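Engineer: Coordinates for the following, if possible.
(one chain, ligands or ions: 2)
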Amino acid sequence: MSGTVQDTICAIATPVGEGGIGILRISGEKAIEVASGLVRLRSGRSLTSVKSRSLYHADILDTAAAEGTAGRAHASRALDEALVVVMRAPHSYTAEDVVEIQCHGGPFVLQTVCEAAMRRGARLAEPGEFTKRAFLNGRLDLAQAEAVLDTIRAKTAGSLAIAQEQLRGALSKEIDRIRESLIRMLAHIEAAIDFTEEDITFIQPEELAAGLQQTMTEISRLAESCREGRIFREGVTVAIVGRPNVGKSSLLNALLQTDRAIVTPVPGTTRDVLEEVLNIRGVPVRLLDTAGVRPTDDPVEQEGVRRSRIAMDEAELLLILLDGSARLTDEDRGLLAQHQNKKRLVVVNKTDLPCQIEPAELAAVARPAQSEPACAIVWISAKTGDGLDALRDRIRRMLLRADFEPGEGAVVTRLRHRAALLKAHEALAGAADSVQAKLSGEFAAMDLRVAIDALGEITGAVSTDDILDRIFREFCIGK
Ligand SMILES: Nc1nc2c(ncn2[C@@H]2O[C@H](COP(=O)(O)OP(=O)(O)OP(=O)(O)O)[C@@H](O)[C@H]2O)c(=O)[nH]1
Ligand SMILES: [Mg+2]
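Structural biologist: Ligands and ions are numbered 1, 2, ... in the order given. Here you go, the predicted model:
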């Protein structure tokens, strides 16, 4: 990311397109000066003298353009009528002086106002630059900055609850607490090294070993929460698979409660992978409906089957759909024997029709290899909706820990966090080994420093330009 924190930046902060209002955001040392160049308050007051964080009615004028017309005294051109708010440092999102201009929400008018601000000396902000400034100015730490993005992208109440907890500092507090306890341990070890001749013991090796062990347990627990954290932040891919005509598209439609996919009695109706995002018991799910898997000479259907296989590889959970009104076929058995390393749920459809599947046979095929645990079996009718509630419950239970409640306590939501936690854990395991082997304190100290730095990367207490660039690049312009 180029530019310095001293620049004054501007960007349209609302999404592209037509809307009731659109907001231009200006931030930096010269924000009020830049805005004064285009804002004329209806009250006649100067923008420099208005109350912070209050709304003022104003006209937006492009005075710079008027001055540019060969010395002729043109009246400034009115660009729009707006509400303007000044937020003086440090009480703003970026902790700098910020002016927000609330214009009418049209792409052209907003672009014109933005260009007028740029002519007055502001530079167009880069993606995430406002939030990056909030971080650099100490308003947010890195985990909180990431939570801003997660809030914007939240798909379900659970995703939002986790993002809000993180934005309020739940994760940061937990990381800081663990990090501080390690810093205290390090201080003891370093003191012991410095005063080695004095024969004073600053911390007993047993106490140190116990402290390290407890910290490692806490770090592992946090790292494990990444499974749930990522599911809520990114959503989870669930694929409906099965031979042709078992009712895969009907199940997609039933779960979505719309007529999204074509359903016909002709086997081989679906030729492509259909994808929809939906909320299943609070879990954001990307649900895939696939082409029925069977041997075929039709090149279009062959391509569909190939895509189904890719979808199966991609999915975290497979719903293996069977037609309960027909005997099991070799294709059914073949599918049940695949992907045994994945989470799988056997769903028997068409329970509104007389059942033709032998329960004993089904139980046997739901456990294809002796070593594998049996797949759970759920009975449904996509036609009547029977069993769908139980299916939704089962899907949630297969994806989340039973006691997991989003928004209650610190959760890790990114692989970046998890990698840092694992690095810290590994270093602490090394420290514990050297304590146990009664090696010189230098060894444990070295490992502790690695762990402390790794944890610091999560909150940004330790950060590099590279890490920051990677994180803020994900944001949109204006955030
Ligand atoms: N009676 C009954 N019929 C169903 C049920 N679910 C689906 N069907 C019927 O089964 C036929 C096939 O349904 P689809 O949803 O198109 O099946 P599919 O698995 O997507 O089929 P392909 O796309 O060809 O692989 C249609 O005639 C549906 O109306 C059900 O629960 N009960
Ligand atoms: Mg289909």
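Engineer: List the contacts of residue 99.
Structural biologist: Residue 99 makes contacts with 25-26, 31-32, 34-35, 39, 47, 84-87, as judged by C-beta atoms under 8 Å, 6 or more residues apart in numbering. C-betas here are computed from N, CA, C, even on glycine.
Engineer: Export these as JSON lines, with columns for neighbour count.
Structural biologist: Converted to JSON lines, the contacts of residue 99 look like this (neighbours: other C-beta atoms under 10 Å):
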{"residue": "25", "neighbour count": "26"}
{"residue": "26", "neighbour count": "30"}
{"residue": "31", "neighbour count": "28"}
{"residue": "32", "neighbour count": "22"}
{"residue": "34", "neighbour count": "26"}
{"residue": "35", "neighbour count": "27"}
{"residue": "39", "neighbour count": "25"}
{"residue": "47", "neighbour count": "21"}
{"residue": "84", "neighbour count": "24"}
{"residue": "85", "neighbour count": "18"}
{"residue": "86", "neighbour count": "25"}
{"residue": "87", "neighbour count": "22"}
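Engineer: Ligand 2: which of these is nearest?
Structural biologist: When the contacts of residue 99 are compared for distance to ligand 2 (C-beta to the ion), residue 25 wins out at 46.7 Å.
Engineer: Kindly state the pLDDT recorded for that closest one?
Structural biologist: In this model, residue 25 is scored at 97, pLDDT.
Engineer: which parts of the host helix or strand of it are buried?
Structural biologist: If you go by DSSP states H and E, residue 25 is part of strand 19-27. Residues 22-27 are the ones in strand 19-27 that count as buried (16 or more other C-beta atoms under 10 Å).
Engineer: Closest to the centroid, which residue in the chain?
Structural biologist: The structure's the chain has its C-alpha centroid closest to residue 233; by C-alpha atoms, centre = their mean the separation is 3.6 Å.
Engineer: which residues does that one contact?
Structural biologist: Residue 233 touches 150, 153, 159, 162-163, 413-414, counting by C-beta under 8 Å, 6+ apart.
Engineer: try 6 Å
Structural biologist: Contacts for residue 233 (C-beta atoms under 6 Å, 6 or more residues apart in numbering) come out as 150, 413.
Engineer: What about residue 289, how many residues nearby?
Structural biologist: 26 (other C-beta atoms under 10 Å).
Engineer: Off-centre distance for the longest strand belonging to the chain?
Structural biologist: Counting residues, the longest strand in the chain under DSSP state E turns out to be strand 77-87. Counting by C-alpha atoms, centre = their mean, to the nearest Å, strand 77-87 is centred 34 Å from the centre of its parent chain.
Engineer: now do stretch 392-404
Structural biologist: Stretch 392-404 sits 19 Å away from the centroid of its parent chain (C-alpha atoms, centre = their mean).
Engineer: Now that stretch: average pLDDT?
Structural biologist: Stretch 392-404 shows an average pLDDT of 92 in the prediction.
Engineer: Residues touching that stretch, excluding its own?
Structural biologist: With C-beta under 6 Å, 6+ apart as the test, stretch 392-404 has contacts from 228, 231, 236, 280-281, 283, 317, 343, 378.
Engineer: Among those residues, which lie within helices?
Structural biologist: Among those, the members falling in helices (DSSP state H) are 228, 231.
Engineer: Which of the contacts of stretch 392-404 fall in strands?
Structural biologist: Those of the contacts of stretch 392-404 lying in strands (DSSP E): 236, 280, 283, 317, 343, 378.
Engineer: so what's the first one scoring on pLDDT?
Structural biologist: Looking at residue 236, its pLDDT reads 95.
Engineer: ok, now the last one?
Structural biologist: The confidence metric pLDDT takes the value 95 at residue 378.
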